[in-house]
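> Let's see this in three dimensions:
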Amino acid sequence: MELFSKDKDLIHRITNLVLIVWLVGSMFAISTNIITTLVKEPTLTFEEYRAQNCKNYFFDKETELTEEEKDERCLQEYSMSEIWAKDREYQNSRSIYVSFANFAIVGTALFLLNKKK
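Residues are numbered from 1 along each chain as shown. Predicted coordinates for the structure are as follows:
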């Protein structure tokens, strides 16, 4: 397959260049998404989460909260962070499929455009 031969007109060569750059970009996106999906973020236990995120945390000085109320708020935040982590996993998996589809579409277009007749 000759992508930039002298026989091809200028618009054809420019199209090939754009498709090749797009193909390389989609390969980079695939590898980034695979690494993001395989290397999981560390999950914290509630005690670790409370130690990192619940000290002095959005409690007003004017509003005195009991320790029980602080723990309840911290537990709610912890539950939300677990939900967000699951959503991130889903979005990362979805990104891999989208990246592969992008790669396949651009690769097929590049092949069909330059196929010998």
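> Distance-wise, check the closest residue in space to residue 114 that isn't next to it in sequence relative to residue 92.
In this structure, residue 114 finds its nearest non-sequential neighbour in residue 1, 4.9 Å apart by CB to CB, 6 or more residues apart in numbering. The way it works is simple: take the backbone N, C-alpha and C, and place the C-beta from them, glycine included. Separation of residue 1 from residue 92 (CB to CB, to the nearest Å): 34 Å.
> What ranges does the chain have for its strands?
Applying DSSP state E to the chain gives no strands.
> Run a quick check on residue 2 versus residue 16, I expect a contact.
No - with contacts defined as CB atoms under 8 Å, residue 2 does not count as touching residue 16, sitting 9.5 Å away.
> give me the low-pLDDT residue ranges for the protein?
Along the chain, segments meeting pLDDT under 70 span 56-63.
> So which residues of it form helices?
10-38, 46-53, 67-114 (DSSP state H).
> Report the inter-axis angle for the first one versus helix 67-114.
So that's helix 10-38. 150 degrees (axes from the mean of the first three to the mean of the last three CA atoms, to 10 degrees).
> Nearest residue to the middle of this structure?
Nearest to the mean C-alpha position of the chain, by CA atoms, centre = their mean, lies residue 92 at 4.7 Å.
> what's near enough to touch it?
Residue 92 sits next to 33, 36, 37 when contact means CB atoms under 8 Å, 6 or more residues apart in numbering.
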